[in-house]
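A.B. asks: What would the 3D arrangement of this be:
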Amino acid sequence: MLRSLTPSFRWYGPGDPVSLNEIVQTGAKGVFTALHDIPYGEAWSRAAIRQRLGELASAGLSWEAVESVPVSEAIRTRTGDFEQHLENYRQTLTNLGAEGVSVVIYNFMPVLDWVRTDLAWRLSDGTECLRFDPVRFAAFELFLLKRPGADSDYTPDQLNQAEEFFKSLSVEEIRVFERGLIDVFPGVKMGLSLDELRAMLARYDGIDADGLREHYRRFLEAVVPAAEEAGVRLAVHPDDPPFPILGLPRIVSTQADLEKIVTMVDSPSNGICYCTGSLSARLDNDLVEIAETLGDRIHATHLRSVAHEADGSFYEANHLEGAVNMPAVVQALQKVNARRADGASLSYRPDHGHRMLDDLEKPQNPNPGYDLIGRMKGMAEIEGIQQALQYISK
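C.D. replies: From the prediction side, this is the model:
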């Protein structure tokens, strides 16, 4: 038995260059959004949540998932005022549940969230996409951040190429390259300097993967009971990319990682955000098996694909291309959706579309990967898969 997923769109609030009216025209029924103006660690009030709900309702859209309620660095490192941040997190979950918002996405990636080295990589068809190049990241680590021990994370060939690349940049290109990496997480332009980034990295001295996993377990123990009481389902987003960077541990990268997480605190409120783009950046992740095995704990989905290159780089492919077998993934998710005990429909959003057509003529979107047309194309392709699967299953 199959049951279609609810098509949704990411929206960054009133300042997003993609308006709610445009989102409605794509055919989306809901949005994944957050209150991006509230600083990390502070509680979200019911009034602010209600205001956002009103904005969406006036456009005829539902708030399908909160993306995200950020986990502060104080919580991840268990330093400073982390106890107050935990209390604020619990209060936010209580307030969201009281207003009828039931899915909350978050991540446990140290310091930086998703990381790319190129925010406008030009493909042969003229479209632009996001790309991760280990050589360029090595150049950032070695010649800008100057992280001790970084050279041991790369091959001699990568180190030589990194030096050649960095020497080829002008002063302005270096500035853009630096900011593009530090400020890459959409909707949260923290404005960090290199020294501030070094200070943030230093907080993880002595925290290895086991140590970070223990901090994560204690975070879940602190907030899952509040989520249960509020009727909220938490959905952790996988690491992106799903391997260690900046000398930091990554603990949400593989199926084994996800299986550990859902058993740390065994509750329906402790689940995952199934992001095919993040997980497919590792070729050893079997996306269909993950969906089939952990389906009951999937509370939100991001659908996109990546294409791998021989040198270890990857770029974000069209939704029906690259490493992800999208029809098989969508079929697995429709089966998961059909057996959901609560009867609610699982939502998806097309993730990180290509910059293309008229969007190429507009000013650069402040949220890389979130231009309108590329995501609309991806959603149309996924909706085509959904309709075809429903037709052949009859």
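A.B. asks: hey, let's count contacts and neighbours off CA atoms from now on
C.D. replies: Fine.
A.B. asks: Just give me the neighbour total for residue 388.
C.D. replies: When counting by other C-alpha atoms under 10 Å, one arrives at 12 neighbours for residue 388.
A.B. asks: Strands along this structure, start to end?
C.D. replies: Ranges of strands in the chain, per DSSP state E, are 6-10, 30-33, 62-67, 103-106, 118-122, 128-132, 233-236, 270-275, 298-303, 305-308, 314-317, 347-350.
A.B. asks: could these go into TSV alongside mean neighbour count and mean pLDDT?
C.D. replies: Written out in TSV, the entries for these read as follows (neighbours: other C-alpha atoms under 10 Å; pLDDT from 0 to 100):
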stretch	mean neighbour count	mean pLDDT
strand 6-10	24	97
strand 30-33	24	98
strand 62-67	23	97
strand 103-106	24	98
strand 118-122	18	92
strand 128-132	22	96
strand 233-236	27	98
strand 270-275	26	98
strand 298-303	25	97
strand 305-308	23	97
strand 314-317	24	97
strand 347-350	26	97
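A.B. asks: export those to CSV and tack on distance to residue 87?
C.D. replies: As requested, these are exported to CSV (distance: least, C-alpha to C-alpha, whole Å):
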stretch, distance to residue 87
strand 6-10, 27
strand 30-33, 22
strand 62-67, 18
strand 103-106, 16
strand 118-122, 36
strand 128-132, 36
strand 233-236, 16
strand 270-275, 18
strand 298-303, 23
strand 305-308, 37
strand 314-317, 37
strand 347-350, 28
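A.B. asks: do you know which of those lies nearest residue 168?
C.D. replies: Taking C-alpha to C-alpha as the measure, those were each checked against residue 168, and strand 118-122 came out nearest at 15.6 Å.
A.B. asks: Given that closest one, what are its sheet partners and their directions?
C.D. replies: When pairs are called by DSSP bridges, strand 118-122 turns out to pair with strand 128-132 (antiparallel).
A.B. asks: got a list of contacts for the strand it pairs with?
C.D. replies: Counting by C-alpha atoms under 8 Å, 6 or more residues apart in numbering, the neighbours of strand 128-132 from elsewhere in the structure are 115-123, 313-317, 352-356, 368-369.
A.B. asks: now swap in stretch 321-331 and tell me
C.D. replies: 2, 276-277, 280, 283, 287-288, 291, 304-308, 316, 319-320, 382, 385-386, 389.
A.B. asks: Run the chain-centre distance for it.
C.D. replies: Distance of stretch 321-331 from the chain centroid (C-alpha atoms, centre = their mean, to the nearest Å) equals 18 Å.
A.B. asks: ok, now stretch 220-240?
C.D. replies: Per C-alpha atoms, centre = their mean, the displacement of stretch 220-240 from the mean C-alpha position of its chain is 16 Å.
A.B. asks: Span of that stretch from start to end?
C.D. replies: Counting by C-alpha to C-alpha, to the nearest Å, the length from the leading to the trailing residue of stretch 220-240 is 21 Å.
A.B. asks: tell me which residues in that stretch are buried?
C.D. replies: Along stretch 220-240, these residues count as buried under the neighbour rule (16 or more other C-alpha atoms under 10 Å): 220, 222-228, 230-240.
A.B. asks: Narrow the residues you listed to those in helices?
C.D. replies: Secondary structure from DSSP state H places 220, 222-228, 230 of the buried residues of stretch 220-240 in helices.
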